[in-house]
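1. What follows is a predicted protein model with its sequence.
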Amino acid sequence: MKKVLMLLAAVAMAGSAQADEGTDDGSQSYITNLCTIVTQEKSPATAEAYINQLKDLDARGHSSSSMNTSQFDEDEARTVVAAWMNLNDVQKKEARQSEQACHDATLNEYQSQD
């Protein structure tokens with residue numbers, strides 16, 4: 001019985017920690033999706049094109065029969081795209097080398113906008 005209670009307490013603590021970290025969960029998914037887009041693109045796009053591509057990725061990520069579909073947060077997506085667009089050319093070139101480099105650079109710029 002003690003093991004079960006300890007396990008439940010550990011799961012509850014992990015869930016609480018994730019909830020604390022997840023305050024920017026929407027922005028994290030938009031950054032991840034944006035980085036997927038920019039690391040695969042052949043030529044740079046406009047901010048509007050990035051927004052449209054993020055909308056498309058978001059729509060594809062949800063089943064039409066899903067009960068728990070989240071709404072696309074265009075304001076948050078625009079903030080993430082603005083963070084990417086604010087990077088200088090050298091930063092963008094480096095960020096296009098890998099999704100992790102893109103994520104780090106975009107997240108740093110996103111956080112500096114707050």
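-> Okay, I see it.

2. Could you give the number of residues near the residue lying closest to residue 74 once chain neighbours are set aside?
-> Among residues not flanking residue 74 along the chain, residue 51 sits closest, at 6.9 Å (Cβ to Cβ, 6 or more residues apart in numbering). All C-beta spots, glycine's among them, are computed from the backbone N, C-alpha and C. Neighbourhood size, residue 51 [other Cβ atoms under 10 Å]: 19.

3. cool, residue 110 as well?
-> 22.

4. Spatially nearest residue to it (excluding sequence neighbours)?
-> residue 83 (3.9 Å).

5. Now do whichever strand or helix holds the one you found: which elements does it pack against?
-> Take DSSP states H and E as the rule and residue 83 turns out to sit in helix 74-86. Helix 74-86 makes packing contacts with helix 25-40, helix 47-60, helix 99-112 when contacts are defined by 3 or more Cβ pairs under 8 Å, 6 or more residues apart in numbering; DSSP states H and E.

6. want to try a markdown table for those, with mean pLDDT and distance to residue 93 as columns?
-> Shown next, in a markdown table, are these (pLDDT from 0 to 100; distance: least, Cβ to Cβ, whole Å):
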| stretch | mean pLDDT | distance to residue 93 |
| --- | --- | --- |
| helix 25-40 | 92 | 11 |
| helix 47-60 | 92 | 17 |
| helix 99-112 | 96 | 10 |
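
7. Turn those helices into a markdown table, including distance to residue 79.
-> Below are the helices and strands packed on helix 74-86 laid out as a markdown table (distance: least, Cβ to Cβ, whole Å):
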| stretch | distance to residue 79 |
| --- | --- |
| helix 25-40 | 7 |
| helix 47-60 | 11 |
| helix 99-112 | 7 |
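
8. for the residue nearest to residue 74, what are its contacts?
-> 74, 77-78, 81 (Cβ atoms under 8 Å, 6 or more residues apart in numbering).
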